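Participant: turn this into a model:
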Amino acid sequence: MLKAAGSFGIIFLMVQPSEAAPLSPADFSQLARECAPSVAPSTLAAIAKVESRSDPLVLHDNTTDETLHWTDQADARRSVEDRLVAGHSIDVGLMQVNSSNFAMLGLTSSNAFEPCASLSAAARLLVRHFTGGNTAQEEQLALRRAISAYNTGNLKRGFTNGYVRRVELAAQQLVPPLAQSAKNQDHDEQSPEEPWNVWRSYDNTRSAGGAGGSSGSPEPQEPNEHRTPEDDQVF
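Facilitator: Sure thing, here's the model as predicted:
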């Protein structure tokens, strides 16, 4: 995952973009359900959009501040191997999992670029930090804290560096287009049911107190001290 909130240029090492296109929303959703069923696909999709633009063959080298893109997995794997041998800190693949977590999550240079392996690893990191809640609002705040920890390893710093807000904004862009134009529909037909919004219960509460400014989501209060890892819930 990315360690800094700033934008960066992508270095294209080859020029066959058709071979390494970002995952489509449908493909991403299917993979997320199969490989990371403990986390909502919409949550993972928003994080992937921020981390890699949903591109499985991206690497960010925190040591050299390079962001690299490949169209060939073999080339990508060789670069990961070389950088790990050199002791670099790297964020790899669809979900930009940091190399410091590879051993814990079962990732290697051979599978870190596999979308399924990357999604599974990301889900494990999120679930590890998700403490659940007794209400929808508490669960949404716990989710944002887990997203903060995904980026920074800390439940609060992802709020202050803007990462949580970037994921929120990415989630708002994941609404699918209408299947047909309104002029082709019966005017008396009822509007389709509004899709579930994973962020709504939290946002409605925040909006009552005014916008959070350019920094986005407010920094949360300290989590409940009485909770234990056994209280973690899937989401």
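
Participant: other SSEs contacting the longest helix anywhere in the chain?
Facilitator: Longest helix of the chain, by residue count under DSSP state H: helix 136-152. Applying 3 or more CB pairs under 8 Å, 6 or more residues apart in numbering; DSSP states H and E, one finds that helix 136-152 contacts helix 41-52, helix 115-129, helix 157-160, helix 163-172, helix 200-207. C-beta: built from backbone N, CA, C; applies to glycine.

Participant: domains in the protein, by residue range?
Facilitator: Partitioning the chain according to automatic domain parsing yields domains covering residues 11-129, 132-175+199-209.

Participant: quick check: residue 46 touching residue 165?
Facilitator: No: counting by CB atoms under 8 Å, residue 46 stays clear of residue 165, with 11.3 Å between them.

Participant: in a helix, residue 102, correct?
Facilitator: Yes: judged by DSSP: H, G, I helix; E, B strand; the rest coil, residue 102 forms part of a helix.

Participant: quick one on the thing from earlier: what comes up buried for the longest helix of the chain?
Facilitator: 139-152 (16 or more other CB atoms under 10 Å).

Participant: could you give the angle of it to helix 41-52?
Facilitator: On the basis of axes from the mean of the first three to the mean of the last three CA atoms, to 10 degrees, helix 136-152 is oriented at 30 degrees to helix 41-52.

Participant: picking that back up, just the closest of the buried residues of helix 136-152 to residue 77, please.
Facilitator: Closest approach between the buried residues of helix 136-152 and residue 77, by CB to CB: residue 150, at 23.8 Å.

Participant: related to what we said a few turns ago, and the domains of the chain as CSV, adding mean pLDDT?
Facilitator: Below are these laid out as CSV (pLDDT from 0 to 100):
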stretch, mean pLDDT
domain 11-129, 92
domain 132-175+199-209, 85
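
Participant: you'd agree residue 67 is in a strand?
Facilitator: Yes: counting by three-state DSSP, residue 67 is located in a strand.

Participant: distance to residue 80 for the helices and strands packed on helix 136-152 - can I get that in a markdown table?
Facilitator: Below are these laid out as a markdown table (distance: least, CB to CB, whole Å):
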| stretch | distance to residue 80 |
| --- | --- |
| helix 41-52 | 14 |
| helix 115-129 | 12 |
| helix 157-160 | 25 |
| helix 163-172 | 24 |
| helix 200-207 | 36 |
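
Participant: contacts only, for residue 86.
Facilitator: Shown in contact with residue 86 (CB atoms under 8 Å, 6 or more residues apart in numbering): residue 63.

Participant: the residue nearest to residue 21 when sequence neighbours are not counted: neighbour count?
Facilitator: Leaving aside its sequence neighbours, residue 21 sits nearest to residue 55 (CB to CB, 6 or more residues apart in numbering; 7.8 Å). The number of residues packed near residue 55 is 18, by other CB atoms under 10 Å.

Participant: check the secondary structure at residue 55 for me.
Facilitator: Put simply, residue 55 is coil when judged by three-state DSSP.
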